[in-house]
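Q: From the sequence below, what's the structure:
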Amino acid sequence: MKNFSLILFSILILFACKKEEDKKSVLIEELAKSEWRKTSILYSADSIAPDTIPTFSPAVLLCKADNIWHFNATTNTFILDEGPSKCDASDPQIKEEGSIEDLNNGSQLRVVGGTTNEIWEIESRSASSFRVSYFGKLGTQTRKFRVTFTKI
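A: Numbers count the residues shown, from 1 in each chain. Down below sits the predicted model:
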């Protein structure tokens, strides 16, 4: 009877581990197939109160327009490369790196790095672009950001 229990327990563990392996993130797998650039950055004009609809204004910094986002599905990580144009010549080439995590079956992506700690709401996604929104700081105020990434 002990042997049967041990065998049954081993089989259950084997299937439980297999189930976790199969649970790869489709969102992260798709993002990792390409490199991405932010092509549109909008942010709310003032602090967000829960009962207001944000007004979006364009935010364009040319030195950030060539930054490249790399996502890795094997390690669930990201790298933000500064790109050819730097805002400051002394900036490192790897601007940011950290971890990514699929939340709510691909409807959100947690992005955590050295200075980044955001939960991106996936608003839309296609083979060539995706759009996210998240709350973040701009100066001392919390703003809502809406960012479109385009495949390079």
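
Q: For the chain, which helix or strand comes out least confident on mean pLDDT?
A: helix 2-22 (a mean of 49; mean pLDDT, DSSP states H and E).

Q: and after that helix, which helix or strand comes next?
A: helix 26-32 (DSSP states H and E).

Q: Quick one: mean pLDDT for the next helix or strand after that next one?
A: Sequence order places strand 35-44 as the next helix or strand after helix 26-32, per DSSP H and E. Averaging the model's pLDDT scores along strand 35-44 yields 90.

Q: Which strands and helices lie in contact with strand 35-44?
A: When contacts are defined as 3 or more CB pairs under 8 Å, 6 or more residues apart in numbering; DSSP states H and E, strand 35-44 sits against strand 56-58, strand 68-72, strand 129-138, strand 141-151. The C-beta positions use only the backbone N, C-alpha and C, and glycine is treated the same way.

Q: can we see that at 7 Å?
A: Here strand 35-44 touches strand 56-58, strand 68-72, strand 141-151, going by 3 or more CB pairs under 7 Å, 6 or more residues apart in numbering; DSSP states H and E.
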